[in-house]
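Participant: what's the 3D shape of this:
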Amino acid sequence: MTLVTPAGGTLIDRLLDEAAAGVLAAEVGGMPSLRLTDTAASDLQLIACGAYSPLTGFMTGDDYASVVRSAQLADGTPWTLPVTLPVPDGVAASLTAGTQAALYDAAERVVGLIDVAEVFHRDLEVEARGVYGTTDLAHPGVRALMANDVLAVGGSVRAVPSRDGRALTPRGCRAEFQQRGWSTVVGFQTRNPIHRAHEYLTKVALEGADGILIHPLIGPTKDDDVPVDVRMRCYEVLLAEYYPSERVVLSGFPAAMRYAGPREAIFHGLVRRNYGCSHFIIGRDAAGVGSYYGPYDAQNLYDELGGAERLGFTALKFDHAFFCRACDAMTSTRTCPHGDSDHVVLSGTSLRAMLANGDEIPPEVTRTEVASILRRAYLTMGQPA
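Facilitator: Residues are numbered from 1 along each chain as shown. Have a look, this model is predicted:
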């Protein structure tokens, strides 16, 4: 069985081996140093493990400008989100081309090195318009972007391997798929507990593939998103009770959420290709936030950027799914003849609102086992549930 090729044809590996990682802290004395934000720290790991192939480091100016302007790297490879390392003005002077800098996480641990290629200026308003489609500071992605430094350092990196046991690397996922004899693999991205609409979409997708990778985002998200450890318990109980274990792999995706709507949805598909996914689910309002994007903008962007032939993965496009009381089943606008009054509309936003308000979560919204975990967690956190 042959898995889909990685973006660029080669799975990048910029992880330090155990011996090099063990002595790194002793070797960085005297080097310029950078403290990474949580987002940059997660990007470092994803570059180094090959999830962001073909990137070998944080973007330089040419790649950055090309991605913002035309959703591709300077060499024409499709890529929809900038992956940059912001740097304060006071530190930038020490980062000349050809130097090496040590990278530290928020806990002051050395986590990697960057070989500086250049320091360049970012136009954050141009980036916001190009990537997010708006400069509105009420947009969480734009607000986070505008809080960044305008200078960025680009260059190849090396990183200490992560010890997060919740997340398989691309090589780990590919090895698991091959061991199971899979070649067609569906990737599913989520930052919410899986509700009944998600369950419906993933099971429909699974009908036409060897297996599915349930790949929830476990990096930094908004404050009102359900905490990672709670979500992981929800995924585990749902898969144990309602999915065939031999056809599902659960692994965390340690990226930060950008809330970039269509651009981010395509990015998620490109990255899942590196994990070995030949197919990727793009549903209604994929990676969206608020009312900034149309419900099917991500599906349209997939086609505009060249579809499977250019992007290297097949999008599974789904209409809005809901529970219909008249049908007594999960369905969609393609298969249900009944009106809105019979439909229970499902979304991560509505589920979080139910929990915050202490509302009862009906079984049409999510499985009772999942609802029980969520209620207990919200009560522990001092929220109504």
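Participant: what segments of this protein are helices?
Facilitator: 18-27, 38-48, 61-70, 89-92, 124-127, 140-146, 170-180, 196-206, 228-242, 262-274, 297-304, 307-311, 348-357, 368-380 (DSSP state H).
Participant: quick one: Asp340 from Arg325, how far?
Facilitator: 11 Å (Cβ to Cβ, to the nearest Å). C-beta coordinates here come from the backbone N, C-alpha and C atoms, glycine included.
Participant: quick one on the thing from earlier: and of the helices of the chain, who's closest to Ala287?
Facilitator: Distance to Ala287, taken as Cβ to Cβ, is lowest for helix 262-274 among these, at 3.9 Å.
Participant: that closest one to helix 61-70, inter-axis angle?
Facilitator: Here the directions of helix 262-274 and helix 61-70 differ by 120 degrees (axes from the mean of the first three to the mean of the last three Cα atoms, to 10 degrees).
Participant: returning to that earlier point: and Asp340 and Arg325? Which one has more around it.
Facilitator: Arg325 (13 against 7; other Cβ atoms under 10 Å).
Participant: leaving out sequence neighbours, find the closest residue to that one.
Facilitator: Of all residues not flanking Arg325 in the chain, Asp342 sits nearest, at 4.8 Å (Cβ to Cβ, 6 or more residues apart in numbering).
Participant: relative to the whole chain's centre, how far out is the helix or strand of the chain with the lowest mean pLDDT?
Facilitator: One helix or strand of the chain scores below all others by mean pLDDT, DSSP states H and E: helix 348-357, with a mean of 79. Once both centres are worked out by Cα atoms, centre = their mean, to the nearest Å, helix 348-357 turns out to sit 22 Å from its chain's centre.
Participant: please save the CA atoms from it in CSV.
Facilitator: The C-alpha coordinates for helix 348-357 follow below in CSV (Å, rounded to 0.1, in the frame of the first residue of the first chain):
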residue,chain,number,x,y,z
GLY,A,348,-19.0,23.8,18.3
THR,A,349,-20.2,27.4,19.1
SER,A,350,-23.7,26.3,20.1
LEU,A,351,-22.3,23.4,22.1
ARG,A,352,-20.0,25.7,24.1
ALA,A,353,-22.9,28.1,24.6
MET,A,354,-25.1,25.3,26.1
LEU,A,355,-22.3,24.4,28.5
ALA,A,356,-21.6,28.0,29.5
ASN,A,357,-25.4,28.5,30.2
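Participant: how far off helix 196-206 does that helix point, in degrees?
Facilitator: Using the same axes, to 10 degrees: helix 348-357 against helix 196-206 is 150 degrees.
Participant: what comes up buried for helix 348-357?
Facilitator: The neighbour-count check on helix 348-357 (16 or more other Cβ atoms under 10 Å) flags Gly348, Leu351, Arg352, Met354, Leu355 as buried.
Participant: ok, stretch 155-174 next?
Facilitator: Under the neighbour-count criterion of 16+ other Cβ under 10 Å, stretch 155-174 has 155-160, 162, 167-171, 173-174 buried.
Participant: pop the domain breakdown of this protein in here.
Facilitator: Following automatic domain parsing, one finds the domains of the chain at 18-159, 170-380.
Participant: relative to His195, how far out is the spatially most distant residue from the centre of the chain?
Facilitator: Taking Cα atoms, centre = their mean, the residue of the chain most remote from its mean C-alpha position is Ala326, at 35.7 Å. Separation of Ala326 from His195 (Cβ to Cβ): 20 Å.
Participant: just give me the closest of the buried residues of helix 348-357 to Cys234.
Facilitator: For the buried residues of helix 348-357, the nearest to Cys234 is Leu351 (10.5 Å; Cβ to Cβ).
Participant: now the closest one: closest residue in space that isn't a chain neighbour?
Facilitator: His195 (5.6 Å).
Participant: tell me the confidence at the one you found?
Facilitator: His195 carries a pLDDT score of 88 in this model.
Participant: if you count neighbours, what's buried in stretch 143-151?
Facilitator: Ala144, Leu145, Asn148, Asp149, Leu151.
Participant: now the phi/psi pair for the nearest residue to Asp38 once chain neighbours are set aside, please.
Facilitator: Counting by Cβ to Cβ, 6+ apart, Asp38 lies nearest to Pro220, which is 4.6 Å off, once chain neighbours are set aside. Here is the backbone geometry of Pro220 (degrees, to the nearest 10): phi -60, psi 130.
Participant: got a list of what Pro220 touches?
Facilitator: For Pro220, the contacting residues are Asp38, Thr39, Ser42, Ala256, Met257, by Cβ atoms under 8 Å, 6 or more residues apart in numbering.
Participant: just the closest of those residues to Val226, please.
Facilitator: After measuring the contacts of Pro220 against Val226 - Cβ to Cβ - the closest member comes out as Met257, at 12.4 Å.
Participant: quick one: contacts for the residue nearest to that closest one when sequence neighbours are not counted?
Facilitator: Nearest non-adjacent residue to Met257, counting by Cβ to Cβ, 6+ apart: Thr221, 4.7 Å away. In this structure, Thr221 makes contact with Arg191, Ala256, Met257, judged by Cβ under 8 Å, 6+ apart.
Participant: what's the pLDDT at the second one?
Facilitator: pLDDT recorded at Ala256 is 93.
Participant: run a quick neighbour tally on it.
Facilitator: 19.
Participant: what's the answer for Gly219, then?
Facilitator: By other Cβ under 10 Å, the residues close to Gly219 number 20.
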